[in-house]
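Enquirer: fold the following.
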Amino acid sequence: MDTTPQPENPVPPSPAPPVIAAPPALAAPVRKGRGWMIAALILVVLLGFSLLGNLTQFVAHSLNWTRSLKTSTSREVGPKLDEAILEDNKSHNKIAVITVDGLITDQNDEDGNNMVDLIKAQLDRADDDDHVKAVILKVDSPGGEVMASDEINKAILDFESDEADDNGVPGSKGKPVICSMGSLAASGGYYISAPCRWIVANELTLTGSIGVIMHGYNYRGLEDKLGVVPMTFKSGKFKDMLSPDRSTNEIPVEERAMVQGLIDETYQKFKGVVSDGRAAAHELNKKEGRPLADDWADFADGRVLSGTQALKLGFVDELGDFDDAVDRAQKIAGIKNANLVEYEEHYDISDFLSMFGQNGKAKAIKLDLGIDIPKLRSGCCYFLWQTPGN
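Expert: Model (predicted):
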């Protein structure tokens with residue numbers, strides 16, 4: 001038995017320290033994709049470029065308005081144009097280059113513009129700018145629609161109308177148009193070249209082809225083989241003129257004569273444009289240019305001519321290339337140097353969004369097959385030279 005004396009107030013044992021649970025390990029953060037950030041950045045950059053471009057255009061237009069105190073309807077309606085420098089020669093003078101490439105037509109593109117509207121707007125822009133001293137019309141075209149060619153012809157005549165009075169004295173606001181022919185400037189391509197003050201062609205240029213063509217198909221023989229019988233109800237004898245499903249022996253002689261009369265009338269108009277245009281140019285160019293040869297009309301039978309042949313007949317004034325046309329434009333305008341500029345259709349963010357249907361206009365995606373097949377409209381007259389096989 002333990003006889004050791006016990007203390008009166010025994011000290012209770014210390015409680016064990018509480019167990020502290022370790023905090024759960026934090027899960028690794030899930031990395032979010034950055035695709036939306038890249039897309040947002042691209043959109044911000046596009047908006048920035050659009051705003052900068054619109055601001056630049058606004059400032060340029062304001063400065064031009066301040067200098068010339070003129071406004072241009074072409075900037076309010078029709079194609080929107082931006083000026084681009086083709087060749088900077090450190091000059092205050094400018095020569096505007098307007099290009100006519102391919103089939104001449106007034107059919108609208110997906111933006112609602114067409115070649116005729118675009119050329120008129122470019123001429124208006126060149127007329128508004130006091131620094132533009134001359135225009136070079138670069139033509140590389142087999143021709144095209146009669147009406148479209150005639151409208152461009154008249155637009156050039158109107159642009160040059162202040163160039164000289166009835167006595168040949170140049171006007172104070174006149175700006176000459178110099179034509180620079182490419183590899184092809186035939187039929188309608190020559191029709192729009194004829195009113196130009198001076199025409200430059202390469203010796204290998206194909207030009208001329210002065211004439212009118214109306215093209216169509218008659219498929220009545222095929223219908224007969226298929227057992228298809230056309231039924232036509234008409235109010236007059238000639239209401240179905242140029243119908244493709246009539247037998248050729250059903251076409252009255254009078255109808256053939258009427259169609260040929262329309263062709264001949266348009267052809268005489270073509271020859272008048274050539275005669276008047278070249279005569280007016282020669283009156284201004286004097287001995288430096290080429291007058292039409294006395295027998296030029298004998299060669300206005302639809303045949304194509306080389307640049308060398310065209311020079312001998314007086315259809316062009318000079319053999320050369322684009323640089324020669326520039327030199328001639330400077331000489332006629334009375335300037336020693338000039339910047340070369342062109343006018344391009346203006347596109348901004350609204351045009352980009354319109355590709356996705358934001359403005360209600362559908363955009364067509366075109367596939368370039370490397371061939372250019374003219375889409376001729378039935379019953380329409382053309383100033384057109386077609387290569388064999390077309």
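
Enquirer: ok, Tyr219 - how many residues close by?
Expert: Applying other Cβ atoms under 10 Å, we find 12 other residues in the vicinity of Tyr219. Backbone N, C-alpha and C define where each C-beta goes, glycine included.

Enquirer: so it is in contact with Pro244, correct?
Expert: Yes: the pair Tyr219 and Pro244 passes the contact test of Cβ atoms under 8 Å, sitting 5.7 Å apart.

Enquirer: give the rounded mean pLDDT of stretch 126-142.
Expert: Averaging pLDDT along stretch 126-142 yields 96.

Enquirer: buried residues in it?
Expert: 126-129, 131-142 (16 or more other Cβ atoms under 10 Å).

Enquirer: do the same with stretch 225-243
Expert: Of the residues in stretch 225-243, those buried under the neighbour-count criterion (16+ other Cβ under 10 Å) are Asp240, Met241, Ser243.

Enquirer: just the endpoints, please. Distance across it?
Expert: The first and final residues of stretch 225-243 sit 18 Å from each other (Cα to Cα, to the nearest Å).

Enquirer: let me see the contact set for Thr99.
Expert: With contact taken as Cβ atoms under 8 Å, 6 or more residues apart in numbering, Thr99 is in contact with Lys138, Asp140, Glu342.

Enquirer: if we go to 7 Å?
Expert: Counting by Cβ atoms under 7 Å, 6 or more residues apart in numbering, Thr99 touches Lys138.

Enquirer: CA atoms of the host helix or strand of it as PDB?
Expert: Under the criterion DSSP states H and E, the helix or strand holding Thr99 is strand 94-101. Presented in PDB, the C-alpha positions along strand 94-101 are these (Å, rounded to 0.1, in the frame of the first residue of the first chain):
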ATOM      1  CA  LYS A  94      -1.600  65.200-111.500                       C
ATOM      2  CA  ILE A  95      -2.600  63.100-114.500                       C
ATOM      3  CA  ALA A  96      -5.600  60.800-113.800                       C
ATOM      4  CA  VAL A  97      -5.500  57.300-115.300                       C
ATOM      5  CA  ILE A  98      -8.900  55.700-116.100                       C
ATOM      6  CA  THR A  99      -8.800  52.100-117.200                       C
ATOM      7  CA  VAL A 100     -11.400  50.400-119.400                       C
ATOM      8  CA  ASP A 101     -10.700  46.700-119.300                       C
END
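
Enquirer: so what are the sheet partners of the one helix or strand Lys133 maps to and their directions?
Expert: With secondary structure defined by DSSP H and E, Lys133 is part of strand 132-141. Sheet pairing for strand 132-141, assigned by DSSP bridges, gives strand 94-101 (parallel), strand 177-186 (parallel).

Enquirer: average pLDDT across the shortest one?
Expert: pLDDT averaged over strand 94-101 equals 96, rounded to a whole number.

Enquirer: orientation of the helix or strand just after that strand relative to strand 132-141 in degrees?
Expert: Downstream of strand 94-101, the next assigned helix or strand under DSSP H and E is helix 115-128. Taking axes from the mean of the first three to the mean of the last three Cα atoms, to 10 degrees, helix 115-128 and strand 132-141 form an angle of 160 degrees between their directions.

Enquirer: which intervals of the stretch 251-390 of the chain have sub-threshold pLDDT?
Expert: Counting by pLDDT under 70, the stretch 251-390 of the chain contains low-confidence ranges at 347-390.

Enquirer: redo that, cut-off 50
Expert: For the stretch 251-390 of the chain, residues meeting the criterion pLDDT under 50 lie at 352-353, 355-369, 371.

Enquirer: what segments of it are helices?
Expert: Secondary structure of the stretch 251-390 of the chain (DSSP state H, counting those that start in this stretch): helices at 253-285, 307-313, 322-333, 349-354.

Enquirer: distance to Phe159 and mean neighbour count added to the ones you listed, as JSON lines?
Expert: Written out in JSON lines, the entries for the helices of the stretch 251-390 of the chain read as follows (distance: least, Cβ to Cβ, whole Å; neighbours: other Cβ atoms under 10 Å):
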{"stretch": "helix 253-285", "distance to Phe159": "13", "mean neighbour count": "15"}
{"stretch": "helix 307-313", "distance to Phe159": "23", "mean neighbour count": "19"}
{"stretch": "helix 322-333", "distance to Phe159": "14", "mean neighbour count": "19"}
{"stretch": "helix 349-354", "distance to Phe159": "28", "mean neighbour count": "14"}
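
Enquirer: would a markdown table of the ones you listed with distance to Gly188 be doable?
Expert: Formatted as a markdown table, the entries for the helices of the stretch 251-390 of the chain read as follows, by distance: least, Cβ to Cβ, whole Å:
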| stretch | distance to Gly188 |
| --- | --- |
| helix 253-285 | 9 |
| helix 307-313 | 16 |
| helix 322-333 | 20 |
| helix 349-354 | 30 |
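
Enquirer: quick one on the thing from earlier: of the strands paired with strand 132-141, which approaches Ile213 most closely?
Expert: The closest approach between Ile213 and any of the strands paired with strand 132-141, judged by Cβ to Cβ, belongs to strand 177-186 at 11.7 Å.

Enquirer: all set now, cheers.
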